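In: below are the sequence and a predicted model for it; my questions follow.
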Amino acid sequence: MKNINLLSALIFIMLASPIAAQTVAKVIRQEPYRPQYHYSPIDGWIGDPCGLIYYQDQYHLYTFGRGKAVSKDLVHYQQTADNVLTGDDGTISYFTGSVAIDKINSTGFGKNAWIAVYTIFTKISENQSQGISYSTDGNSFQYYKDNPVIDLQSKEFRDPTIFWYKPTSKWIMVVAKAKEKKVKFYESTNLKEWVWLSDFGPAGAQDKVWECPDLFQLNIDGNPNNTKWVMVVSIDWAREQYFIGDFDGKSFKVDDEKYPLYVDKGLDYYASRVFRDYDNTLKKTPSLGWIATWDYALSVPSSWGKGFWSIPRDLELKTYPEGLRMIQKPEENLKDLRVSPVIFSQKLQKGTHKLPQFMPKENVYELDVVFSTKKPNVFGFNLCVGEGRKVSISYNTQNDLLEIDRTNCSNVFIEKFARKTSAKVSSENGKLRMHIFVDKSSVELFINQGKDVFTLLTYPSETQTGIEVFSKENGTRMNFSAWTLKSVWR
């Protein structure tokens, strides 16, 4: 209740007085570890992205059990509600789900009603079932009196995604049977009564649990007339895998690929979802993910709350010699935040060196750097350098191995936080592009055209703002571009 009251008070102050709003924004902006251009709530916990839709020329973002935000550009956000799901009897909690616009009044709640579909967690029994709520404005949803709409009497049945499948004129739900590593498919004409269609899985990575399934179509090589279906599943409490295939309204059949394929090869990316376009005007497929891992999501040192979401990523499929792969490109509108550009080209010198051309005062910046890979070498960046700590990103041209080391990046002890990660990453046409977004307590790295992405939390101190480039040998060409980025809180 404390968080809700604080959020309500802040919203009231910001609406009442522009000067007070600036003061509140300044206080928020200066909080330790507060992201400056990633979406984070003013106060409190944020978990999985829910109900991501594009409707009435706005992006709508939900955190079920808490609030809502809207955005025109996926860069600047406005919180519009602090508690969107109401009317339950207090014996349940709301888990992850999605939102749909019922344009044909299939539910009987009215034409263009907003329908939230989510997992009902019953507190006493810990049963997980699927329920719905409805709204006329998208800000306040009323609990459906005949919930649940699907109940398997299971403690591991969660995180529904729904969408309208035009060829059969049916609503489709994909929902995880977590410990069985399965995704179940259901269909409905009214979002209240559901018929089971099929199961997908186990497949790919199967170590622990499957959660937060999403199913959507992507263009291939930029051609809107050539598409495939992609299923994303969160796995092992820490990462995501994806499958490429076909969906016929009943079942999902995967292409013959070498699975698992991972959405993000870093340490902290989970529960992503795409925005469903209910205006039918978007020319892209944007997505958002949760920058966190359950091992320490509740233990991170931010005082304003726990958790934030990734920068928006536009998804496509691209053909490579080894087959189709999902690529992720940073949202183009983020370029509007760029200031103070620094652009130069030089050959790397052996050793570790500071970059006097670009020395930001805080960890809020973007790097877009292309290295030549024609000469055998190991090179990369040290980020968040200071007080004897750093985050290291290195690439070995001889074995195509990219490694990230954050074992000594923070002065705050978090159990299981000191980790490394690595993956094989191929250069393209003799070049390797590192497109890096640094924002207070996180790093997101896009390699080449976004075929390989690495996301990680960092939590450096306020004085750890140094940047170093290192090289094992002389002579590698580096084309360097960088910008400091404006805060969206200003």
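Out: It's in. Numbers count the residues shown, from 1 in each chain.
In: please name the bridge partners of Gly323.
Out: Tyr320 (DSSP bridges).
In: isn't it right next to Glu257, touching?
Out: Yes: assessed by C-beta atoms under 8 Å, Gly323 is found in contact with Glu257 at 5.5 Å. Using the backbone N, CA and C atoms, a C-beta is placed for each residue, glycine as well.
In: neighbour count winner among the two?
Out: Looking at Gly323 and Glu257 with other C-beta atoms under 10 Å, you find the greater number of neighbours at Glu257, namely 16 against 13.
In: the most centrally placed residue in the chain: what secondary structure?
Out: In the chain, the centroid-proximal residue (C-alpha atoms, centre = their mean) is Gly289; its distance is 1.3 Å. Look at Gly289: counting by DSSP: H, G, I helix; E, B strand; the rest coil, its state is strand.
In: excluding residues flanking it in the chain, which one is nearest it?
Out: Once flanking residues are discounted, Gly289 sits nearest to Ser272: 3.3 Å by C-beta to C-beta, 6 or more residues apart in numbering.
In: and whichever strand or helix holds that neighbour, C-alpha only, in CSV?
Out: Using DSSP states H and E, Ser272 sits within strand 270-274. Output in CSV follows, covering the C-alpha atoms of strand 270-274 (Å, rounded to 0.1, in the frame of the first residue of the first chain):
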residue,chain,number,x,y,z
TYR,A,270,13.8,-12.7,-19.4
ALA,A,271,10.0,-12.8,-20.0
SER,A,272,10.0,-10.7,-23.2
ARG,A,273,6.9,-10.1,-25.2
VAL,A,274,6.1,-8.3,-28.5
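In: show me where pLDDT drops low in the stretch 301-450 of the chain?
Out: Within the stretch 301-450 of the chain, no range satisfies pLDDT under 70.
In: now Gln398: closest residue in space that isn't a chain neighbour?
Out: Excluding the flanking residues, the one nearest Gln398 by C-beta to C-beta, 6+ apart is Pro376, at 5.2 Å.
In: phi, psi of that neighbour?
Out: Here is the backbone geometry of Pro376 (degrees, to the nearest 10): phi -60, psi 130.
In: show me the helices in the stretch 201-350 of the chain, by range?
Out: Assigned helices in the stretch 201-350 of the chain: none (criterion: DSSP state H, counting those that start in this stretch).
In: quick one, strands of it?
Out: Secondary structure of the stretch 201-350 of the chain, counting by DSSP state E, counting those that start in this stretch: strands at 210-220, 223-235, 239-247, 252-254, 261-262, 270-274, 276-277, 286-290, 313-320, 323-330, 338-347.
In: in JSON lines, list those along with distance to Ala81.
Out: Shown next, in JSON lines, are the strands of the stretch 201-350 of the chain (distance: least, C-beta to C-beta, whole Å):
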{"stretch": "strand 210-220", "distance to Ala81": "22"}
{"stretch": "strand 223-235", "distance to Ala81": "26"}
{"stretch": "strand 239-247", "distance to Ala81": "28"}
{"stretch": "strand 252-254", "distance to Ala81": "34"}
{"stretch": "strand 261-262", "distance to Ala81": "34"}
{"stretch": "strand 270-274", "distance to Ala81": "19"}
{"stretch": "strand 276-277", "distance to Ala81": "19"}
{"stretch": "strand 286-290", "distance to Ala81": "18"}
{"stretch": "strand 313-320", "distance to Ala81": "25"}
{"stretch": "strand 323-330", "distance to Ala81": "28"}
{"stretch": "strand 338-347", "distance to Ala81": "31"}
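In: enumerate every residue touching Thr285.
Out: Neighbour list for Thr285: Phe216, Leu218, Asn219, Val274, Phe275, Asp314, Leu315, Glu316 [criterion: C-beta atoms under 8 Å, 6 or more residues apart in numbering].
In: what does Trp290 give?
Out: Ile46, Gly47, Asp48, Pro49, Tyr269, Tyr270, Ala271, Ser272, Gly307, Trp309, Ser310.
In: swap in Leu218?
Out: Neighbouring residues of Leu218 by C-beta under 8 Å, 6+ apart: Thr227, Lys228, Val230, Thr285, Leu315, Glu316, Leu317, Met326.
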